[in-house]
Structures are given as structure tokens and as C-alpha cells.
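# Quick one, what's the 3D model for this:
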Amino acid sequence: VQLQAFGGGLVQPGGYLRLSCAASGTVFSINAMGWYRQAPGKQRELVAAITSGGTKDYADSVKGRFTISRDNAKNMVYLQMNSLKPEDTAVYYCCTGGSIAAVRTQNFASWGQGTQLTVSS
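Below is the predicted model of the structure:
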């Protein structure tokens, strides 16, 4: 499976943005899809994950602000980000895994290139 993330950019604090990730290749094998982020000098961290059945998991730092969704017919996963904060600045990556637990433990099936989000005034 190949993953292509896009939609990053520069946003002011309090603003919003939606990231998208397109999957191609052997997509029928995808169960969980997710988003990770990595800020300069920090370890990458899970942002959100979703299964093909719609079960979702979020990092505590984004609960109530970010929403992950998925269009199985289009092989797309989205991350709607609201009330953005400067600490959300990072490169965001999409990934797939056999389960949410696999995504959470970084046992990835696929990993895509990142898209940069910068939250700054």
C-alpha cells in the first residue's frame, strides 16, 4: 500500500485545517489507518487512528479538537483539525496497520511521506 498525505500549511492559532491521505495499491488489506506527527527534536506521537469499521482512537492532546474520518470507498483518511495551537506544529504522517493496537505500537503495515503543519501568528 502506498500512502500520500497532503493538505498541510500555515495556520494561525485557533484556526483549522483538514489533512487528507490517499491509499493506493493493495488497499483491501487495510484495516486501521492513522495519523502520527513529529515535531522538531521530539519523538513521533500518535495523533489519531481509525479502523475500517469506524472505531476511533485519539491522543489526549487532541481529543475534542481533532476528528479522524475515513472513506473506505475512496481509500482516503482525513484529519480535521480545529482550535489549532502552536504545539500542534509538526510533520504529519499517515500510516496503516492491522489494528488500532498495531498503529499505536508503531507496528505499521505502511507509512507515507509527511505533510507539514505550522501553527503560528
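# Okay, now the sheet partners of the worst-scoring helix or strand of the chain on mean pLDDT, with direction.
Least confident helix or strand of the chain, by mean pLDDT, DSSP states H and E, is strand 108-111 with a mean of 89. Take DSSP bridges as the rule and strand 108-111 pairs in its sheet with strand 90-97 (antiparallel).
# Output the strand it pairs with as CSV, nothing but the C-alphas.
Provided in CSV are the C-alpha atoms of strand 90-97 (Å, rounded to 0.1, in the frame of the first residue of the first chain):
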residue,chain,number,x,y,z
ALA,A,90,4.8,19.2,13.3
VAL,A,91,5.1,17.0,10.2
TYR,A,92,2.1,14.8,10.0
TYR,A,93,2.3,11.3,8.6
CYS,A,94,-0.4,8.8,7.7
CYS,A,95,0.0,5.1,8.2
THR,A,96,-1.8,1.8,8.1
GLY,A,97,-1.8,-1.2,10.4
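# Which phi and psi values does residue 100 adopt?
The phi/psi pair for residue 100 (degrees, to the nearest 10) reads phi -60, psi -40.
# So what's the residue count around residue 23?
Applying other CB atoms under 10 Å, we find 22 residues neighbouring residue 23. Yep, even glycine has a C-beta here, placed from its N, CA and C like the rest.
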